[in-house]
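Colleague: got a predicted model here, sequence first, then my questions.
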Amino acid sequence: MKTNNKKIRIILVMILWLCSVVGFNQVQADETHNENSFKYKVIFPDNQMEENIGYYHLKMKPDQEQIVQIEMTNPGTKKTAVGISLNGTKTNANGVIEYGDTSIKNDTSVKFDFTDIVSAPKKVELNPGETKTLEIKIKMPKTSFNGVVTGGVQMIQEGQNKVENKGGSMVLNEYAYVVGMVLQESDEKVTPKLKLNSVKAGQSNYKNMVYVNYSNIEAAYVDNMTTEVQITKKGSDAVIYERKQAKMRMAPNSFISFPVGMNGEKMEPGDYTATILVTADNGIKEKWTKDFKISKDEADKFNERDVGLEQNKGINWLFIGLIVVGFFAVVLIVVMIMTISRKNKQKKAKKKGSKRRK
């Protein structure tokens with residue numbers, strides 16, 4: 001009797017396990033935090049043009065060489081290393097200027113790349129309680145220029161902890177400090193100038209978009225920028241997609257790929273027209289009208305990848321197979337339980353009958 005009860009318990013455990021396999025997918029993550037960090041202090045030179053700011057704004061001369069310094073301290077109890085990277089400024093899709101490491105490429109209007117002018121060690125190692133001075137070398141071009149060359153010095157502690165997904169994916173949390181740098185030779189004012197590059201279909205975070213790409217081709221910042229885009233079918237006045245965003249900025253000699261969402265709709269091939277209005281400080285006002293085409297191959301490719309669309313990909317035979325196998329497994333287990341239970345009852349009945357005959 002005890003053996004039969006044990007079998008029943010095992011079968012019930014199997015049922016629960018089967019349900020968990022078919023119906024649930026649990027993901028766990030381990031997260032740890034590194035308390036050991038570093039501190040830094042910007043040492044401003046005499047040719048700093050502005051006071052009480054947290055970045056370098058230096059008045060330079062053609063072919064000038066200079067070393068500026070950042071003081072770095074390790075207040076912790078363990079040895080640490082800080083990675084150093086130099087980056088020219090870029091403009092991201094939200095109209096925010098990036099001074100740190102980014103995958104955004106240089107605009108074709110860049111004449112003097114920040115990373116060709118500025119150099120620094122790639123790593124600084126700090127013992128517990130130690131203070132070191134990071135020396136950043138500036139070598140200005142021999143050719144003079146108006147406007148500014150801009151970038152950032154990024155400092156990121158090596159060996160920061162990761163959040164790892166047991167299912168195979170990974171999220172990495174890293175904290176970095178970035179000190180901006182503006183290099184200027186002349187006091188002559190430079191007015192930004194905008195140039196439309198392209199309008200084309202694309203995706204952002206696996207969602208269908210139309211990207212309006214335009215550049216600031218001058219060595220000056222664009223401030224308080226507003227971008228408004230309306231998309232219509234070519235030859236029609238009916239607006240099918242639109243977006244407006246204000247309070248944006250652009251870095252000198254950089255481009256922006258401004259995304260216009262498709263409201264979760266399926267991308268349709270065809271001919272379209274984009275009407276674009278961009279305004280900003282310094283009296284900037286640009287209006288462009290650009291025809292563009294979405295091919296069938298593009299539409300199919302992006303629709304396949306768009307996570308917001310319900311895909312008709314045919315019958316999922318693997319899922320159906322799992323359901324069928326699971327169903328028959330449950331039926332088999334139920335039959336086994338009923339058979340065991342019936343046998344137990346029969347044994348009890350036989351015992352009672354034998355006792356009566358005695």
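Modeller: Here it is on my side, so go on.
Colleague: the strands in the stretch 1-150 of the chain, which residues?
Modeller: Along the stretch 1-150 of the chain, the stretches classed as strands by DSSP state E, counting those that start in this stretch are 29-30, 39-43, 56-59, 65-73, 80-88, 90-91, 97-98, 118-119, 123-126, 131-139, 148-157.
Colleague: can you list the buried residues in the second one?
Modeller: Neighbour-count burial for strand 39-43 flags Val42 (criterion: 16 or more other Cβ atoms under 10 Å). In this view, the C-beta of every residue, glycine as well, is placed from N, C-alpha and C.
Colleague: which residues touch the strand or helix carrying Tyr241?
Modeller: For Tyr241, the enclosing helix or strand under DSSP states H and E is strand 239-250. For strand 239-250, contacts defined as Cβ atoms under 8 Å, 6 or more residues apart in numbering pick out 91, 94-97, 192, 210, 216, 221-233, 256, 258-263.
Colleague: rounded mean pLDDT for that strand, please.
Modeller: Averaged over strand 239-250, pLDDT sits at 98.
Colleague: next helix or strand past that strand?
Modeller: The helix or strand immediately downstream of strand 239-250 is strand 254-261, counting by DSSP H and E.
Colleague: within its sheet, name the partner strands of the next helix or strand after that following strand and how each one runs.
Modeller: Heading C-terminal from strand 254-261, the first helix or strand you meet, by DSSP H and E, is strand 270-280. Applying DSSP bridges, strand 270-280 is found paired with strand 222-233 (antiparallel), strand 284-294 (antiparallel).
Colleague: what's the most buried one of those?
Modeller: For the strands paired with strand 270-280, the largest average neighbour count (mean count of other Cβ atoms under 10 Å) is found in strand 222-233, namely a mean of 18.
Colleague: and that strand with strand 254-261, angle?
Modeller: Between strand 222-233 and strand 254-261, the angle comes out at 40 degrees (axes from the mean of the first three to the mean of the last three Cα atoms, to 10 degrees).
Colleague: which other residues reach strand 222-233?
Modeller: For strand 222-233, contacts defined as Cβ under 8 Å, 6+ apart pick out 95, 192, 194, 210, 212, 216, 238-250, 256, 258, 260, 270-282, 284.
Colleague: Produce a ChimeraX select command limited to the buried residues of those residues.
Modeller: ChimeraX command restricting the contacts of strand 222-233 to the buried ones, with burial defined by 16+ other Cβ under 10 Å:
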select :95,192,194,210,212,216,241,243,248,249,250,256,258,260,272,273,274,276,278,280,284
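Colleague: I am finished for the moment; much appreciated.
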